[in-house]
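**Q** structure for the following, please:
(chains A and B)
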2 protein chains.
Amino acid sequence: MFMYKPTISIYGKRNAGKSSLLNAITEQEVSIVSSIEGTTTDPVKKSMELTPVGPVVFIDTAGIDDKGELGNLRIKKSLDTARRTNIAIYVMDILDIDKEYLNNMEILFKKYNIPYILVINKIDMVDENYIDKLKLEYPHGIFVSSTKRINIDKLKQELIKKIEEVEADPPIVGDLVPYNGKVILVVPIDKQAPKGRLILPQVQVIRDCIDNGIKCYVLRDTELKSGLEDLEDVDLVITDSQIFKKVDKIVPKDIKLTSFSILFARHKGDLKKLVDGVKTINTLKNNDNILIAENCTHNTTHEDIGRVKIPTLLQKKTGKKLNFHFKTGYDFSENLEKYSLVIHCGGCMVNRKEIQSRIMLCNEKQVPITNYGVLLAYLNDILDRTLEIFDY
Amino acid sequence: MFMYKPTISIYGKRNAGKSSLLNAITEQEVSIVSSIEGTTTDPVKKSMELTPVGPVVFIDTAGIDDKGELGNLRIKKSLDTARRTNIAIYVMDILDIDKEYLNNMEILFKKYNIPYILVINKIDMVDENYIDKLKLEYPHGIFVSSTKRINIDKLKQELIKKIEEVEADPPIVGDLVPYNGKVILVVPIDKQAPKGRLILPQVQVIRDCIDNGIKCYVLRDTELKSGLEDLEDVDLVITDSQIFKKVDKIVPKDIKLTSFSILFARHKGDLKKLVDGVKTINTLKNNDNILIAENCTHNTTHEDIGRVKIPTLLQKKTGKKLNFHFKTGYDFSENLEKYSLVIHCGGCMVNRKEIQSRIMLCNEKQVPITNYGVLLAYLNDILDRTLEIFDY
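**A** Below you'll find the predicted structure:
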């Protein structure tokens, strides 16, 4: 499930039938529907339950071809919504096919990394031949009539598909920082990083920032202080968790700070469940069994964290004598019920599906699960700060 | 060969024998050699020809344990030299083994990405047993006596080895921008970039910046204008060459601008020869044969540049009808002499050795060679601006 309600914005020229389309989708009179151009001024928001994806928010925007000073303001407000849009619907009136406006909006969607659906509306106003001709030109378009309710269900299905696609590949930082925001990435260079390369999570974070129009200042911990002086209004600092304490001292409290591993705990799995899991630590008793699970078998740096660092810190924190068991690779589900807590690696080498399945397995057997990043943040008393950036 | 003289700085505590060591290496009285502590104040520079690597510069620094206000100034000046040091020699007096100073200097060398040689000096002052014991503790140390000229040749050999290592893997941007400098990377997201990843040259540039303590602002062309407003005194903007013209207009003339492909033309091959090659374009005649050579066979984006874009632009620029031949993969050297110009791809998938061998082959047959990045910069009239950052 999404950790936020997906926002779907409806764009189009004046009178393309945006508000009637929204009403057709939601089957309610959300906006003032009228055929006088430019009725919708401020974007209208409307929530609904879209089965099976859950609650979504629609934004009904003003026409992007509005005229005059007030019109410009309305256009600006409409385009501003793009910053918080997860999926866009672009509506074209079949009687007013305007390629230029469509192209401009496609550029905008690309800029904000928004997947979009092209809807061609009012197909009840023209004959079949004209529709067939246009279908060749816009093969991905969905041809609907809001008033006659033609293909509205098809549009809903397409919307569900798009939402599921976005959900399957959720943003890493893209939804946490506004468009054109500033992020500082603190990348220490140590034995983990192969010569001349960056490790995969770092590359993924940089790419996700760029995809979402977020500017990304990459530097080492030794240059962080100077980097913070270079930029005003930094939205977020992301650091390698191994140097979190050091970075925590350098970054002023009014700037949000999190770690790569917390971002990936959310991206790869379910941050809420992993945080719930870590909070069961103070219920651990002497001789409880703890499972430390890793996906890869060959990472000696992780091995040191899992085999030495975490067991030591955990026993110190709880004051209990705990039994640690270790599993690597795909061997995971056997005898899960005997454990009081599962501590999983960040899963940087496996996909979201694998990690989510493991969280689900633990859930089924009522075994709390957390991961390296969340646990280390908790043990170092910095979990609260790392979570500040999330609506959580 | 280096495009610059490698700088070798000699560090150590007062009286460790830094100046005598330099004299032993250069066999001349460069510094005032004296056993009164703190003689060397301002760093002394000394050039010499180090066979077979060519000219090098030595910097003889003040003691890093200097005392008093003047001492602090001397220390600061000594440590400032690290910014321009390619290789460091750290000298320890065998009668004053000080692990703490060594550790501090190792942190400094790491910060500035400086390979270093540990020299333990004055071995003529102690007995063999003590030396053997220390050799176990410092297995990578070179044990010398400057005054008795023991192992000075061994040190020279080690220095040559280190210089050759640095030379074999030259910096990409590290030597162009000062320590703690600011670089903006303009990374457009297009079909070249696999989903969720960055292309290799971008990763390599980011890593090289970080390794050298250069802060690196990564953003798309659409956010460049805003990014330039965020930072003062940007040292260099590096852009994808395909959007160079657009970026050229956005970046103020007082800020240096170059492209990934020009950086890699230097890193992978020989920028000077590739620039010389491109300048032969105005001597091309009708029906001249041009060889377009690519290392990889599977890159459709490059194929479009090599097969369509470059032939079209080149014929337009020269006004000549040219015959284009294409070679991909490792098939390169056959019939080279029939070509008036070789235009090579950036070679992002092969190593420096392969590209340099190809440049050498062309040189032998007196065929000018250039590459995609240099050629496109030239054809777009922006080559001069891309070269400004180089001492060239």
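
**Q** for burial, what's the neighbour tally of the nearest residue to residue A:44 once chain neighbours are set aside?
**A** Nearest non-adjacent residue to residue A:44, counting by Cβ to Cβ, 6 or more residues apart in numbering or on different chains: residue A:60, 4.4 Å away. All C-beta spots, glycine's among them, are computed from the backbone N, C-alpha and C. Applying other Cβ atoms under 10 Å in any protein chain shown, we find 25 residues neighbouring residue A:60.

**Q** quick check: residue A:60 vs residue B:282, distance?
**A** 60 Å (Cβ to Cβ, to the nearest Å).

**Q** could you do residue A:353 as well?
**A** Separation of residue A:353 from residue B:282 (Cβ to Cβ) stands at 58 Å.

**Q** which residues of chain A lie near chain B?
**A** A:111, A:180, A:182, A:187, A:189, A:193, A:196-198, A:203-204, A:206-211, A:213, A:215-220, A:222-223, A:226-227, A:230-232 (Cβ under 8 Å from any Cβ of the partner chain).

**Q** again, only this time at 7 Å
**A** Residues of chain A lying close to chain B (Cβ under 7 Å from any Cβ of the partner chain) are A:111, A:180, A:182, A:187, A:189, A:196-198, A:203-204, A:206-207, A:210-211, A:213, A:215-220, A:222-223, A:226-227, A:230-231.

**Q** what secondary structure does residue A:213 sit in?
**A** Three-state assignment for residue A:213 (DSSP: H, G, I helix; E, B strand; the rest coil): coil.

**Q** and the residue lying closest to it once chain neighbours are set aside, what are its phi and psi?
**A** Counting by Cβ to Cβ, 6+ apart, residue A:213 lies nearest to residue A:179, which is 4.6 Å off, once chain neighbours are set aside. Phi and psi for residue A:179, reported as degrees, to the nearest 10, are phi -50, psi 140.

**Q** count the residues that sit near residue A:179.
**A** 17.

**Q** tell me how chain A divides into domains.
**A** Using automatic domain parsing, the domain parsing of chain A gives A:7-168, A:182-264, A:270-383.

**Q** so which of these is the most packed in?
**A** domain A:182-264 (a mean of 20; mean count of other Cβ atoms under 10 Å in any protein chain shown).

**Q** now do it, average pLDDT.
**A** Domain A:182-264 carries an average pLDDT of 92.

**Q** next: stretch A:332-344.
**A** 90.

**Q** how far does it stretch from one end to the other?
**A** One end of stretch A:332-344 to the other measures 10 Å (Cα to Cα, to the nearest Å).

**Q** apart from its chain neighbours, what residue comes closest to residue A:122?
**A** In space, residue A:122 is closest to residue A:94, 5.0 Å off (Cβ to Cβ, 6+ apart).

**Q** I meant residue A:240, not that one.
**A** The spatially closest residue to residue A:240, leaving aside those adjacent along the chain, is residue A:188, at 5.4 Å (Cβ to Cβ, 6+ apart).

**Q** same deal with residue A:78?
**A** residue A:61 (3.8 Å).

**Q** three-state assignment of the residue nearest to residue A:240?
**A** On the three-state scheme (three-state DSSP), residue A:188 is labelled coil.

**Q** how about the contacts made by residue A:313?
**A** Shown in contact with residue A:313 (Cβ atoms under 7 Å, 6 or more residues apart in numbering or on different chains): residue A:379.

**Q** where do the helices sit along the stretch 201-350 of chain A?
**A** A:224-230, A:244-250, A:260-268, A:271-278, A:300-304, A:310-318 (DSSP state H, counting those that start in this stretch).

**Q** including distance to residue A:116, could these go into JSON lines?
**A** Listed next are the helices of the stretch 201-350 of chain A as JSON lines, based on distance: least, Cβ to Cβ, whole Å:
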{"stretch": "helix A:224-230", "distance to residue A:116": "36"}
{"stretch": "helix A:244-250", "distance to residue A:116": "38"}
{"stretch": "helix A:260-268", "distance to residue A:116": "23"}
{"stretch": "helix A:271-278", "distance to residue A:116": "28"}
{"stretch": "helix A:300-304", "distance to residue A:116": "40"}
{"stretch": "helix A:310-318", "distance to residue A:116": "44"}
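
**Q** what pLDDT does residue A:347 get?
**A** Predicted confidence (pLDDT) for residue A:347: 80.

**Q** let me fix that, I meant to ask about residue A:41.
**A** For residue A:41, pLDDT reads 60.

**Q** mind checking what secondary structure the most centrally placed residue in chain A has?
**A** Centroid-nearest residue in chain A, with Cα atoms, centre = their mean: residue A:171, separated by 3.2 Å. Secondary structure, three-state DSSP: residue A:171 is coil.

**Q** just give the closest residue to it, not the sequence neighbours.
**A** Residue nearest to residue A:171 in three dimensions, not counting chain neighbours: residue A:208, with 5.9 Å by Cβ to Cβ, 6+ apart.

**Q** quick check: the gap between the one you found and residue B:247.
**A** For residue A:208 relative to residue B:247 (Cβ to Cβ), the value is 22 Å.

**Q** repeat that for residue A:238.
**A** Relative to residue B:247, residue A:238 is positioned 26 Å away (Cβ to Cβ).

**Q** same check on residue A:59?
**A** 33 Å.

**Q** do the same with residue A:228
**A** Using Cβ to Cβ, one gets 27 Å for the distance from residue A:228 to residue B:247.

**Q** and if you look at residue A:178?
**A** 24 Å.

**Q** what bits of chain A have low per-residue confidence?
**A** In the predicted model of chain A, residues A:1-4, A:28-42, A:190-193, A:296-303, A:392 satisfy pLDDT under 70.

**Q** and for stretch A:225-243, what's in contact with it?
**A** Counting by Cβ under 7 Å, 6+ apart, A:176-178, A:181-188, A:205, A:217, A:219, A:221, A:247, A:250-251, A:255-261, A:263, A:373, A:376-377, A:389, B:180, B:182, B:215, B:230-231 sit against stretch A:225-243.

**Q** the same query, at a cut-off of 6 Å, please.
**A** The contact list for stretch A:225-243 (Cβ atoms under 6 Å, 6 or more residues apart in numbering or on different chains) reads A:177, A:181-186, A:188, A:217, A:219, A:221, A:247, A:250-251, A:255-261, A:373, A:376, A:389, B:180, B:215, B:230-231.

**Q** among those residues, which are located in strands?
**A** Judged by DSSP state E, the subset of those located in strands is A:182, A:183, A:184, A:185, A:186, A:217, A:219, A:257, A:258, A:259, B:215.

**Q** perfect, that will be all.
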